[in-house]
Structures are given as C-alpha cells and as structure tokens.
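Q: One predicted model, sequence on top.
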Amino acid sequence: MNPKAIILFGGLFWSGLFLQAQDQQFTQFYSAPLTLNPALTGAFDGKFRVSAIYRDQWRSILDNPYVTFSTAMDLRFGVRWRGAKRKDAAALGLMFYSDKVPGFDFSTNQISISGAFHKALDLASRQFLSIGIQGGIAQRGINYEDLTFSDQFNGTDNYSDLTAEQLPENTYSYADFSVGLNYSVAPRG
C-alpha cells in the first residue's frame, strides 16, 4: 500500500479520537440537511434549495418552551471534466442555527458556510459519492441571574443568600468545523 495513503488514513483515524461533537436535535432531520452532514450540501436534483425547520418543545409543560430554528440555502452546479461522460457536481451552502432554552436564557447561535463535491459513480449519474466540508462560528450565552444554587438556601424559608459557585463567563464564541462523506442513489424515474 502507498505510504502516503497509510499516513493519511492513520492521521484521520487518530484525529477521530480527539474530536468532540454535539448534533442538533430535530425529529424531521432531513428537513435540515446542512445540520446533518456537510456532504449533503447540494445533494438534490435541481439548482438551488432553501430549507427551514422550527422546533417548539415542551409547550404544554413550560411557560417558555425550548425553541430551535434552522434555515439554510445551498446551490448546486455541474462540473464537467474534459471528455467525461459522468455528471459530477459541486455545491456551496449557507446555514444559520439558533437554539434557546427558557428560564436561564441559555442560547446557541451559529452561522456556517459549506462546500461539497459529488462524484458520479455510474454513467447514468444515479450513484454519487459526496464529500463535504463546513466551517462556521458559534456563540453560546447564559444568564446566571435567574439560576438558583443549593448553597443559596438560608435554612428557613427561601434562597436569598449569595452563591459561592465559581461561574464561568456567560458568553463565549468558538469555531465549528465539520467534514462529511455520503453515498447516495437516485431513484429510477
């Protein structure tokens, strides 16, 4: 086997041991493909796609329910290599995601740009192997004023004492990167 390929696959394998991930939770996750896998950017039959999804969780129990929203737009354009008979494609996408938890105002907002390449595996261009990459910036925030900790209980009637908890900053930003691989087969039509 090629030494470069061994180093590449070994590096990809070992990097997976140090990565962290948290997926957004949608019941109808195919309605938000760019939150699922960056290789799904442009994985559709057409020129452009706009998608949006809204989740309103626990409204019957909470006065202020959990609210999650995502919207995305992606563009697909054909790529023809000189003399090639297959219809490869490339795509670009833009995604926005917002998640808000009531009570203590915990929120996450994210904006990402993604790109993908779709390689046709057969002459009919029904089977595709897609690879995608996504990069963005996210911001998380929390309001500590509405939180109550056990050390605030004064022993008699309420939680009026000050807390001794060491609380981290209430707002921070971080970079978010994703890489994905997808195999798809278009239905016969």
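A: On my side now, so go ahead.
Q: how would you label Gly11: helix, strand or coil?
A: Reducing the assignment to helix, strand or coil with DSSP: H, G, I helix; E, B strand; the rest coil, the entry for Gly11 is helix.
Q: Now for the closest residue to Phe106 other than its chain neighbours: which residues touch it?
A: Closest residue to Phe106 in three dimensions, ignoring its sequence neighbours and counting by CB to CB, 6 or more residues apart in numbering: Ile142, at 4.8 Å. The C-beta positions use only the backbone N, C-alpha and C, and glycine is treated the same way. For Ile142, the residues meeting the contact criterion (CB atoms under 8 Å, 6 or more residues apart in numbering) are Phe104, Asp105, Phe106, Ser107, Asn170, Thr171.
Q: Let me see the confidence value for the residue of the chain positioned farthest from its centre.
A: No residue in the chain sits farther from the centre than Thr156, which is 46.4 Å out by CA atoms, centre = their mean. At Thr156, the model reports a pLDDT of 76.
Q: measure it to Leu75 for me?
A: Between Thr156 and Leu75 the computed distance is 64 Å (CB to CB, to the nearest Å).
Q: Likewise for Ile6?
A: When distances are taken as CB to CB, Ile6 and Leu75 turn out to be 36 Å apart.
Q: Between those two, which has more neighbouring residues?
A: Using other CB atoms under 10 Å, the more surrounded residue of Ile6 and Leu75 is Leu75, with 15 against 10.
Q: quick one: that one is in a helix?
A: No: assessed with three-state DSSP, Leu75 is strand; it does not lie in a helix.
Q: SS state for the most centrally placed residue in the chain?
A: Central residue check for the chain by CA atoms, centre = their mean: the C-alpha nearest the mean position is that of Thr35, 3.4 Å away. Applying three-state DSSP to Thr35 yields a three-state assignment of helix.
Q: pretty sure it is touching Ser70, no?
A: Yes: using CB atoms under 8 Å, Thr35 and Ser70 qualify as a contacting pair, with a distance of 5.5 Å.
Q: for this protein, what spans make up the helices?
A: In the chain, helices defined by DSSP state H lie at 3-15, 33-36, listed in chain order.
Q: Give me the residues contacting the last one.
A: Counting by CB under 8 Å, 6+ apart, helix 33-36 makes contact with 23-24, 26, 29-30, 40-41, 43, 51, 70, 72, 74, 93, 95, 97, 112, 114, 134, all of which sit outside it.
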